[in-house]
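Visitor: Coordinates only, no sequence provided:
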């Protein structure tokens with residue numbers, strides 16, 4: 001099993017920045033691809049960004065391209081999501097996910113492990 005713990009969420013004004021972190025523990029050899037997803041009230045969960053096991057391949061949803069950056073530190077077993085130029089529509093619970101697949105995936109069904117989520121609220 002892999003345990004994922006997110007941190008770094010909070011309340012920020014529009015235009016501000018936050019950095020989310022997700023620390024993996026347990027059987028981290030199963031935490032190859034990593035991703036960030038989010039779910040806003042009344043909406044379906046959507047992919048935000050994903051990263052391959054070695055960090056060489058990344059994916060971003062169109063809505064966050066140019067504003068968010070995903071990265072990872074495999075020594076620390078941690079993945080990050082740097083969020084800049086935040087907008088009120090970025091408000092959601094953000095979830096970290098991990099899967100055994102080496103390449104990046106945008107499909108939430110291909111992720112095996114999920115964190116509890118961290119709330120991000122962007123005020124206008």
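Guide: Now that the structure is in, tell me what you want to look at. Fair warning: this is a prediction, and the values are worked out from it, not measured in the lab.
Visitor: Skip the chain neighbours and tell me the closest residue to the residue positioned nearest the centre of the chain.
Guide: Central residue of the chain (CA atoms, centre = their mean): residue 36, 2.2 Å from the mean position. Nearest non-adjacent residue to residue 36, counting by CB to CB, 6 or more residues apart in numbering: residue 48, 4.4 Å away. Placement of C-beta: from N, CA and C, glycine included.
Visitor: Buried ones in the helix or strand containing the one you found, by neighbour count?
Guide: Residue 48 belongs to strand 46-51 when assigned by DSSP states H and E. For strand 46-51, burial by neighbour count (16 or more other CB atoms under 10 Å) applies to 47-51.
Visitor: Parallel or antiparallel, which strands does the next helix or strand after it pair with?
Guide: Using DSSP H and E, the next helix or strand after strand 46-51 towards the C-terminus is strand 58-60. When pairs are called by DSSP bridges, strand 58-60 turns out to pair with strand 46-51 (antiparallel).
Visitor: what's in contact with the strand it pairs with?
Guide: For strand 46-51, contacts defined as CB atoms under 8 Å, 6 or more residues apart in numbering pick out 33-39, 57-61, 64, 68-72, 79, 81, 94, 104-108.
Visitor: can you do 7 Å?
Guide: In this structure, residues lying in contact with strand 46-51 by CB atoms under 7 Å, 6 or more residues apart in numbering are 33-38, 58-61, 64, 68, 70, 72, 79, 81, 104-106, 108.
Visitor: likewise stretch 69-88?
Guide: Contacts of stretch 69-88 (CB under 7 Å, 6+ apart): 12, 14-25, 28, 31, 34, 36, 49-51, 55, 58, 67-68, 90, 96, 122-124.
Visitor: Would you mind listing the buried residues in it?
Guide: 69-70, 72, 77-81, 83, 86.
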